[in-house]
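*Asks:* generate a structure from the sequence data that follows.
(6 chains)
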4 protein chains.
Amino acid sequence: MRPAGQTALLEAARQEFAERGFGSASIRNIAARAGMSLSAMYHYYSGKQELLHALLDEGMDRYTAAVAEELGRVGDSPSDRLSAVVAATTRFRGEHAMRSNILLLEERSLDPDRLERYSRRQAEATNYFRDPIDAGVASGDFHTPFPDEARRGVIAMCNAVSQWYRADGQLSLDALIDRHVELALTLVEYRPQRNWSARG
Amino acid sequence: MRPAGQTALLEAARQEFAERGFGSASIRNIAARAGMSLSAMYHYYSGKQELLHALLDEGMDRYTAAVAEELGRVGDSPSDRLSAVVAATTRFRGEHAMRSNILLLEERSLDPDRLERYSRRQAEATNYFRDPIDAGVASGDFHTPFPDEARRGVIAMCNAVSQWYRADGQLSLDALIDRHVELALTLVEYRPQRNWSARG
Amino acid sequence: MRPAGQTALLEAARQEFAERGFGSASIRNIAARAGMSLSAMYHYYSGKQELLHALLDEGMDRYTAAVAEELGRVGDSPSDRLSAVVAATTRFRGEHAMRSNILLLEERSLDPDRLERYSRRQAEATNYFRDPIDAGVASGDFHTPFPDEARRGVIAMCNAVSQWYRADGQLSLDALIDRHVELALTLVEYRPQRNWSARG
Amino acid sequence: MRPAGQTALLEAARQEFAERGFGSASIRNIAARAGMSLSAMYHYYSGKQELLHALLDEGMDRYTAAVAEELGRVGDSPSDRLSAVVAATTRFRGEHAMRSNILLLEERSLDPDRLERYSRRQAEATNYFRDPIDAGVASGDFHTPFPDEARRGVIAMCNAVSQWYRADGQLSLDALIDRHVELALTLVEYRPQRNWSARG
DNA sequence: CATGAATGAGCATTCATTCAT
DNA sequence: TATGAATGAATGCTCATTCAT
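*Replies:* Below you'll find the predicted structure:
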């Protein structure tokens, strides 16, 4: 378990970074929001950069956990796996908009060392999409002639959610997820192979 | 024609904002990059915000001009128009990555007044995509059941280009544009209607 | 005649100095208020200090003229002359509050050279009060044992008008003048000498 | 007790404001005079305005304390009370010329919020003069037909001390105080009532 | 663990003024 | 006369960070 102070600090930093961007954020405000002294903050994190890095790490932890959980629920078919990843990503972007925006926008504010560490994790996350798409193309389930660009397109579509989706709008998140799954499958040109055995 | 000083200033600000983000950018650096004194900068622009606003405006000017030009080259059919918009947008994001990143990422750094002015322009730009897609759905050329989400998906795919595309990579921008056009048409489920009469 | 530009400039400077004080006043605002360019302003006055000095001089011109005029209307008796000076000063402070406040408060903002020139004029103005009071004491009309302090008291009473008097208040300026004259005569302990000849 | 840093800061600010006026004063100079860094200054006071406000408050504290003490020494009669207030005020203006000048001249430099708070205190201070004068008029001890203007005159006379009095001049402060008391009583036309019964 | 004091560099901005035209 | 461009210093203030306690 993380100490309560740390949690409050991360939440405060998340808000501050999300609202103003890393560069304009002030660690004084963050400490104040978290209800602690500036020095107390330095006790937990060694500086602004460390705070950002912790935030990105924590966000990435949660995201990968969410995707892994969803993947655990479905079978091995490329379409199922792609659907699960799209669903999990869309849901995460919608439910954790602040977290997601920081993940997506503030990466560039990391100093070189931390950026390197973080970029590796991010590259791995890309594989959540790459693996099923490449597998689907290989298996003949997906007929897109441009798997790389399709992958980027699907990812971009999902990621954008955290910038425009509002929970109080007309479209429920569940409905949006369904549509994103369908659109993703459309984009990769999923056409299930007809055969005698199983699954239609 | 804009005075030379202003142009240099905008270019310098573009670099600085793109590299560090608005919040972390220093107007001292900007002035230095533009080869002028801090006070000279204030002679042209009334402050950091004004510089950002000018940059966003100028970027939007160029983008809309690029789209308009491309649209001028094609016919009225929804598929042609959507293709033109996708092509123009993809090209712009690829050729003007810095400009685009600022347009896409730094909007939030505008103060409320300037944001309002700018948001109106941005909303209009969305119509470049909305109009042909809605028209295509109405005419029966596009069969997507989710035109709104498809539109967001296409836009996101195009916009993402400025974040990942490198001119020195393996894929030429022209090739990418072709693929994006195909992917966009796939996403909206474009299926040309067959009929006896000629189609323009 | 002063050129129109100069007049507008002085009026603008008067407002600016009166509202914010010399130190906080900005010559940019002054030029803007006067509807002229910064450079045009420098054409008339060589700087902020010069502007202040011109303002003090102009104010002093008007004040001495007002006192002289009032003195011209009355006889030679100390009480008449003191009354005239008190009346003229009170009126001037009430009618030209901005002018007066600058005269009274911004003297210290003058640089040493200009201060010396101005202080001489101010010392002379003090004599408007000193002369009749000393004369009245000498003649036996005024019985105050403390002519110097009484003089300072009368001057302070008159000067204060520009800080508290509001034309739209309950007391008319004419009424206030009458009262100030009476109070001044009370303070110097004016008791007209009874004698066989003339004036009661 | 105030920390030593704060005291030094107030003293430095007092000098700087008194010499140059609030607008021309530089917080850098103030910090330097107080022998501390600019940031240390901000640790104690949140800005230039706060410094001014603290100064005005502190000055007002001391003034009211001085008047209260003097009032505690005398009886209830209007003449005694007015004399005490005049004496205390004259002494304060003479002994604390810098403090007084700031109190009297820099009020206008306060921002609206702080001005409101301060103005309330200042209005109360006026009552030190108003109360005995009105009481004296009511009781028949003072015969002035213009108690309001007389009050303003007395206050102005006392306040002016901080602008002209020099401790190294010919007149001792104690002598000046005696004269001011006499002049004030003269101005309100104090004539003690003769009666058979004793008066407390 | 936690704090308040302190630092020095840096921030965006405004200043009064000068100068070439 | 009159102007817009340009300057360099100074403004009030905030920054992330350190340190003694």
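
*Asks:* please make it C-alpha for all contacts and neighbour counts, starting now.
*Replies:* Will do.

*Asks:* contact partners for the closest residue to residue A:158 other than its chain neighbours?
*Replies:* Once flanking residues are discounted, residue A:158 sits nearest to residue A:90: 5.1 Å by C-alpha to C-alpha, 6 or more residues apart in numbering or on different chains. Residue A:90 sits next to A:158, A:159, A:161, A:176, A:177, A:180 when contact means C-alpha atoms under 8 Å, 6 or more residues apart in numbering or on different chains.

*Asks:* which of those residues sits closest to residue D:132?
*Replies:* In terms of C-alpha to C-alpha, no member of these lies closer to residue D:132 than residue A:161, at 74.5 Å.

*Asks:* convert the helix or strand harbouring the closest one to PDB, retaining C-alpha atoms only.
*Replies:* According to DSSP states H and E, residue A:161 maps onto helix A:147-164. Output of helix A:147-164 as PDB, limited to C-alpha atoms (Å, rounded to 0.1, in the frame of the first residue of the first chain):
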ATOM      1  CA  PRO A 147      -1.800  -3.100 -40.800                       C
ATOM      2  CA  ASP A 148       0.600  -0.500 -39.500                       C
ATOM      3  CA  GLU A 149      -1.400   2.500 -40.400                       C
ATOM      4  CA  ALA A 150      -4.600   0.800 -39.400                       C
ATOM      5  CA  ARG A 151      -3.000   0.100 -36.000                       C
ATOM      6  CA  ARG A 152      -2.000   3.700 -35.600                       C
ATOM      7  CA  GLY A 153      -5.500   4.800 -36.700                       C
ATOM      8  CA  VAL A 154      -7.200   2.500 -34.100                       C
ATOM      9  CA  ILE A 155      -4.900   3.700 -31.400                       C
ATOM     10  CA  ALA A 156      -5.500   7.400 -32.300                       C
ATOM     11  CA  MET A 157      -9.200   6.900 -32.300                       C
ATOM     12  CA  CYS A 158      -9.100   5.300 -28.800                       C
ATOM     13  CA  ASN A 159      -6.700   7.800 -27.400                       C
ATOM     14  CA  ALA A 160      -8.700  10.800 -28.600                       C
ATOM     15  CA  VAL A 161     -11.500   9.800 -26.300                       C
ATOM     16  CA  SER A 162      -9.900  11.400 -23.300                       C
ATOM     17  CA  GLN A 163      -9.900  14.700 -25.100                       C
ATOM     18  CA  TRP A 164     -13.500  14.900 -26.200                       C
END
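
*Asks:* give me the packing partners of the helix or strand immediately after that helix in the chain, helices and strands only.
*Replies:* Using DSSP H and E, the next helix or strand after helix A:147-164 towards the C-terminus is helix A:173-187. Judged by 3 or more C-alpha pairs under 8 Å, 6 or more residues apart in numbering or on different chains; DSSP states H and E, helix A:173-187 is in contact with helix A:78-95, helix A:147-164, helix B:147-164, helix B:173-187.

*Asks:* change it to 7 Å
*Replies:* Counting contacts by 3 or more C-alpha pairs under 7 Å, 6 or more residues apart in numbering or on different chains; DSSP states H and E, helix A:173-187 is packed against helix A:78-95, helix B:173-187.

*Asks:* after the first one, which helix or strand is next?
*Replies:* Moving toward the C-terminus from helix A:78-95, the next helix or strand (DSSP H and E) is helix A:97-105.

*Asks:* and the angle from that next one to helix A:78-95?
*Replies:* With axes from the mean of the first three to the mean of the last three C-alpha atoms, to 10 degrees applied, the angle from helix A:97-105 to helix A:78-95 works out at 110 degrees.

*Asks:* ok now whichever helix or strand comes after helix A:97-105, how far from the chain's centre?
*Replies:* Of the helices and strands lying after helix A:97-105 in sequence (DSSP H and E), the nearest is helix A:112-139. Remark: helix A:112-139 is offset 12 Å from the chain centroid, using C-alpha atoms, centre = their mean, to the nearest Å.

*Asks:* pLDDT on helix A:112-139, on average?
*Replies:* Averaged across helix A:112-139, the pLDDT comes to 94.

*Asks:* could you give the angle of it to helix A:173-187?
*Replies:* If you take the same axes, to 10 degrees, helix A:112-139 sits at 60 degrees to helix A:173-187.

*Asks:* any residue of helix A:112-139 up close to chain B?
*Replies:* No. Taking C-alpha under 7 Å from any C-alpha of the partner chain as the criterion, helix A:112-139 and chain B are apart, separated by no less than 12.5 Å.

*Asks:* name the helices or strands packed onto that helix?
*Replies:* Using 3+ C-alpha pairs under 7 Å, 6+ apart, helix A:112-139 sits against helix A:78-95, helix A:147-164.

*Asks:* hmm, 10 Å instead?
*Replies:* Under the contact definition 3 or more C-alpha pairs under 10 Å, 6 or more residues apart in numbering or on different chains; DSSP states H and E, helix A:112-139 sits against helix A:48-73, helix A:78-95, helix A:147-164.

*Asks:* in it, what's buried?
*Replies:* Buried residues in helix A:112-139, defined by neighbour count with 16 or more other C-alpha atoms under 10 Å in any protein chain shown: A:118, A:122, A:128, A:129, A:130, A:132, A:133, A:134, A:135, A:136, A:137.

*Asks:* in TSV, list the contacts of residue A:90 along with neighbour count and pLDDT.
*Replies:* Shown next, in TSV, are the contacts of residue A:90 (neighbours: other C-alpha atoms under 10 Å in any protein chain shown; pLDDT from 0 to 100):
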residue	neighbour count	pLDDT
A:158	28	98
A:159	24	98
A:161	25	98
A:176	19	98
A:177	21	98
A:180	24	98
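
*Asks:* and which of those residues is nearest to residue C:152?
*Replies:* residue A:161 (77.2 Å).

*Asks:* how close does the closest one get to chain D?
*Replies:* 42 Å (C-alpha to the nearest C-alpha, to the nearest Å).

*Asks:* contacting residues around that residue?
*Replies:* Counting by C-alpha atoms under 10 Å, 6 or more residues apart in numbering or on different chains, residue A:161 touches A:89-95, A:97, A:100-101, A:173, A:176, B:152-153, B:156.

*Asks:* rewinding a little: what two of the buried residues of helix A:112-139 are the furthest from one another?
*Replies:* Among those, A:118 and A:137 lie farthest apart (C-alpha to C-alpha), at 29.2 Å.

*Asks:* so where is chain A shaky, pLDDT-wise?
*Replies:* A:1-2, A:195-200 (pLDDT under 70).

*Asks:* how is it carved up into domains?
*Replies:* Following automatic domain parsing, chain A resolves into domains at A:1-45, A:52-187.

*Asks:* for DNA strand E, which of those domains is the nearest?
*Replies:* Smallest distance to DNA strand E across those (C-alpha to the nearest atom of the strand): 3.6 Å, for domain A:1-45.

*Asks:* no further questions, thank you.
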